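>>> this is the structure alone, sequence omitted:
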């Protein structure tokens, strides 16, 4: 309503129940014997409200996202992620541009996969299917995706019957069936949906940031996905094939207690597509919290300026770098890193190069004769 009101419902109204419920999952204070415990007990929440009893608009969503990006860029607020338990409409470039602006500012966009019992690889669900991989300020590939898409599982680990999935478009699962949380006014209630799964991941992202404030959005995303627990119901149906594991995540985000040492070797390119290159390596490093991947335009002996475009978790031996440009030569290098004493790293690996694939030729219709 173009005002500063967050709660617009009267006592007993369900107009604002959705936002109230997910907020409790993110940040309900635990250990006090009251109500529910959220994922992160010490967190600040800001509402970007664009939905009401009659729904909302894409233009409203863009205003909400840009408002939060502005708060981080110009006001210095430590905004780690936006939690997006909403969906609808088709592809919107202007919405994607707003999400990319948030990504440029280091804000993860964590989104519900949808409740249509559908394969998002086949039938896209928005905004969770958007690829936040292009820098808004330069138009160049970011090298990592600032969007995390979340499916729902039940308390036994089974994929929720209503939950969408996608082997390449949905990243992980989280609890989303009969979730008990805060509800207007001063009550609690059970709700189900990928809307309930999403705030579990959002709270976990903020928890990781509190443990490792220098990790950054790409590092937090990598930690979230690399720390999942394999889950049979999600195998082949999500990118990780696993569910959120906050215990593993905390271990992944804790900074090592000693500097990283050793070296990274045998870096080699593997499968390529029009927008990605698979990389593998070996490492005898210890104490690393992850690996930093850099790329530069060019070929061996003629590489341009290197920039960080991706990361991988501790003990990783490979990753796929995405968001690249087709038919382009790239140089790559990798090193092991950690956050000890403000940050330490091994020497860079030897440089390798690879060329992304060309797009397929356009389809040409053959001549045909038609008759009634």
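Happy to help now that I have it. As the structure is a computational prediction, the values presented were derived from the model and not from experiment. Numbering: from 1, shown residues only.

>>> so in the protein, where's the weakest helix or strand by average pLDDT?
The weakest-scoring helix or strand in the chain, judged by mean pLDDT, DSSP states H and E, is strand 307-313 (a mean of 84).

>>> contacts for stretch 37-54, please.
1, 6, 8, 15, 18-19, 23-31, 56-57, 60-61, 63-65, 67-68, 71, 77, 79, 82, 86, 181, 199-200, 202-204, 206-207, 210, 246 (Cβ atoms under 8 Å, 6 or more residues apart in numbering). For glycine as for every other residue, the C-beta is placed from the backbone atoms N, C-alpha and C.

>>> my bad, stretch 117-125
Outside of stretch 117-125, the residues within contact range by Cβ under 8 Å, 6+ apart are 87, 90-91, 113-114, 116, 128-129, 149, 161-170.

>>> quick one on the thing from earlier: so what does the least confident helix or strand of the chain touch, helix or strand wise?
The contact analysis (3 or more Cβ pairs under 8 Å, 6 or more residues apart in numbering; DSSP states H and E) places strand 307-313 against helix 216-226, strand 290-299, strand 318-321.

>>> that strand vs helix 216-226, what angle?
30 degrees (axes from the mean of the first three to the mean of the last three Cα atoms, to 10 degrees).

>>> mind pulling the model confidence for residue 38?
Note for residue 38: predicted pLDDT of 97.

>>> let's see which of the contacts of stretch 37-54 end up in helices.
Among the contacts of stretch 37-54, the members found in helices (DSSP state H) are 18-19, 23-27, 60-61, 63-65, 67-68, 71, 199-200, 202-204, 206-207, 210, 246.

>>> gap between the two ends of stretch 42-53?
Its first and final residues considered, stretch 42-53 spans 30 Å by Cα to Cα, to the nearest Å.

>>> follow-up on the earlier one: so for residue 271, which of the helices and strands packed on strand 307-313 sits nearest?
Set against residue 271 and scored by Cβ to Cβ, the helices and strands packed on strand 307-313 come closest in strand 318-321, at 7.9 Å.

>>> tell me which helix or strand comes right after that closest one.
Downstream of strand 318-321, the first helix or strand assigned by DSSP states H and E is strand 329-338.

>>> strand partners of that following strand, parallel vs antiparallel please.
strand 290-299 (antiparallel), strand 344-345 (antiparallel), strand 352-355 (antiparallel) (DSSP bridges).

>>> list the buried residues in the first one.
Right, the one you point to is strand 290-299. 290-298 (16 or more other Cβ atoms under 10 Å).

>>> picking up where we left off before, could you export the strands paired with strand 329-338 as a markdown table, including mean pLDDT and distance to residue 235?
Formatted as a markdown table, the strands paired with strand 329-338 follow (pLDDT from 0 to 100; distance: least, Cβ to Cβ, whole Å):
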| stretch | mean pLDDT | distance to residue 235 |
| --- | --- | --- |
| strand 290-299 | 93 | 24 |
| strand 344-345 | 92 | 34 |
| strand 352-355 | 97 | 29 |
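
>>> thinking again about what came up before, would you mind giving the helices and strands packed on strand 307-313 as JSON lines with distance to residue 138 added?
JSON lines is the format used below for those (distance: least, Cβ to Cβ, whole Å):
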{"stretch": "helix 216-226", "distance to residue 138": "16"}
{"stretch": "strand 290-299", "distance to residue 138": "13"}
{"stretch": "strand 318-321", "distance to residue 138": "17"}
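
>>> which stretches in the stretch 101-250 of the chain count as helices?
194-211, 216-226, 246-253 (DSSP state H, counting those that start in this stretch).

>>> between the least confident helix or strand of the chain and helix 246-253, how big is the angle?
Going by the same axes, to 10 degrees, strand 307-313 makes 130 degrees with helix 246-253.

>>> any chance of the strands paired with strand 329-338 in TSV with distance to residue 222 as columns?
Shown next, in TSV, are the strands paired with strand 329-338 (distance: least, Cβ to Cβ, whole Å):
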stretch	distance to residue 222
strand 290-299	6
strand 344-345	16
strand 352-355	21
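
>>> those strands: which one's closest to residue 153?
When those are compared by Cβ to Cβ, strand 290-299 sits nearest residue 153, at 26.3 Å.

>>> what mean pLDDT does the following helix or strand past that closest one have?
Next in sequence after strand 290-299, counting helices and strands by DSSP H and E, comes strand 302-303. In this model, strand 302-303 has a mean pLDDT of 96.

>>> what pairs with strand 302-303, parallel or antiparallel?
By DSSP bridges, strand 302-303 pairs with strand 290-299 (antiparallel).

>>> where does this structure have low pLDDT?
10-15, 363-372 (pLDDT under 70).

>>> center of it - which residue?
When the chain is reduced to its mean C-alpha position, the nearest residue by Cα atoms, centre = their mean turns out to be residue 148, at 2.6 Å.

>>> quick check: that residue touching residue 170?
No: in this structure, residue 148 is not within contact of residue 170 by Cβ atoms under 8 Å, at 9.5 Å.

>>> touching both of these two, which residues are there?
Common neighbours of residue 148 and residue 170 (criterion: Cβ under 8 Å, 6+ apart): none identified.
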